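A.B. asks: Take a look and give me a structure for this.
(one chain, ligands or ions: 2)
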Amino acid sequence: MKPFSYMRATSVDTAVAAASDKALFLGGGIDLLGELKEGLVDADLLVAVARIPGLDAIEQTAGGWRIGANATVAAIASHLELARAMPALTEAAGEVGSPQIRNVATLGGNLAQHSRCWYYRHRDVKCLKKGGSTCFAREGENKYHSLFSGNPCISPVVSNLAVALAALDAVVIVQRRSGESRLSIAELYAAAWVNPLAHHSLMPGEMITAVEVPAPPTGRSVYLQQSERSAFDWALVSCAAAAAVSGGTVQKARIVLGAVAPVPYRDERAEASLAGRRIDEASASRAADLILEKATPFAFNGYKVPVAHALIRRALLAIAM
Ligand SMILES: Cc1cc2nc3c(=O)[nH]c(=O)nc-3n(C[C@H](O)[C@H](O)[C@H](O)COP(=O)(O)OP(=O)(O)OC[C@H]3O[C@@H](n4cnc5c(N)ncnc54)[C@H](O)[C@@H]3O)c2cc1C
Ligand code: SF4
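C.D. replies: Ligands and ions are numbered 1, 2, ... in the order given. Model prediction:
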């Protein structure tokens, strides 16, 4: 492992001021320390942000909730009021890894984590995402890979929290030297859709400080995932859905798939197909058909299409009740 300096930041300002192009923010370290040891990333300086005072708060605001970037995944999963207001988020958090991982992993680190593609994670393989010339997964082992991508890399987004937060229309607060910006979840990952090198849209030195989630008008939201093992495992496919329902009919719905694209994947036609309708088997199935219409499976991930179809239907029927 290449030597690096270490600095424990005491405020967002000191963290961002210290972060040069060759610095990396360190949250709980679940992802970053492994990547450093394997030589997948390197840095001259690690800026530890996990102990910045106050940045782990989970607070109700006039418009909804504000969750600090250092809130642990466990704190989100076990927050009773959050669970009442936006169950999709607490359910997604409860499915992350294992209790040990959830106790350490932070919201900011979960959103900014890197690809789990096994070619990317192999220290001796230089694929497209590491600046090489080939995506080995396209013709190789692609069981866990994407059904949709805007670029030749087919490594999917694996952050559970990103999928739930996209369904909940959350805004990510990012601090950079030039000031603060507010990104939708779509904007946070937009670069990964078009650029094989990108895991997300953050540039060096840009720090997530919080996520704001508007209060859903009905509180109807859900997160479901299918994994190979019931614990300590990633989602093969996940689905989060949220809807404003009035008098039994949908005013507005958001449906988001995880682990099928380099971004939390939405299809506005599918969401629009539910507007003004009751959610039932037929409308849920139609929405699932629309979302999956353009799926392009590879040799070993075709199973994701029926799994995603079932999860979308189940998620929609769950929020209809
Ligand atoms: C066995 C195993 C199973 C797992 N299963 C799941 C799962 O099912 N679902 C899931 O979602 N995740 C899963 N994970 C991933 C895990 O949740 C993430 O690695 C963890 O959330 C990262 O958070 P962290 O605070 O440890 O981040 P770190 O490892 O410290 O950082 C991760 C990345 O984010 C950057 N970063 C950290 N904080 C910030 C910030 N505030 N602003 C900007 N950038 C920042 C770092 O520079 C680094 O690039 C699993 C991990 C393991 C090891
Ligand atoms: S899917 Fe992406 S990360 Fe995996 S081998 Fe292809 S280019 Fe590399």
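
A.B. asks: all contacts plus neighbour counts: C-alpha atoms, from now on.
C.D. replies: Noted.

A.B. asks: Can you pull the residues of the stretch 201-321 of the chain lying near ligand 1?
C.D. replies: Within reach of ligand 1 by Cα under 6 Å from any ligand atom, the stretch 201-321 of the chain has these residues: Met207, Ile208, Thr209, Phe232, Asp233, Trp234, Ala235.

A.B. asks: so the second one makes contact with Thr106?
C.D. replies: No - because the distance of 10.8 Å does not satisfy Cα atoms under 8 Å, Ile208 is recorded as not touching Thr106.

A.B. asks: just to revisit the earlier point, show the buried residues in the residues of the stretch 201-321 of the chain next to ligand 1.
C.D. replies: Neighbour-count burial (16 or more other Cα atoms under 10 Å) is assigned, among these, to Met207, Ile208, Thr209, Trp234, Ala235.

A.B. asks: So what's the residue count around the closest residue to Gly205 other than its chain neighbours?
C.D. replies: The shortest distance from Gly205 to any non-neighbouring residue, by Cα to Cα, 6 or more residues apart in numbering, is to Ala19 (4.9 Å). Using other Cα atoms under 10 Å, Ala19 is surrounded by 20 other residues.

A.B. asks: For Ala19, give me its contacts.
C.D. replies: Contacts for Ala19 were tallied using Cα atoms under 8 Å, 6 or more residues apart in numbering; they are Phe25, Leu45, Val47, Pro204, Gly205.

A.B. asks: Let me know the pLDDT of it.
C.D. replies: pLDDT recorded at Ala19 is 93.

A.B. asks: Quickly note the distance from it to ligand 1.
C.D. replies: Relative to ligand 1, Ala19 is positioned 11 Å away (Cα to the nearest ligand atom, to the nearest Å).

A.B. asks: ok, that residue to Leu40 distance?
C.D. replies: The gap separating Ala19 from Leu40 is 19 Å, by Cα to Cα, to the nearest Å.

A.B. asks: Leu161 too?
C.D. replies: For Leu161, the distance to Leu40 equals 23 Å [Cα to Cα].

A.B. asks: higher neighbour count, the two?
C.D. replies: Ranked by neighbour count (other Cα under 10 Å), Leu161 and Leu40 place Leu161 first, with 28 against 18.
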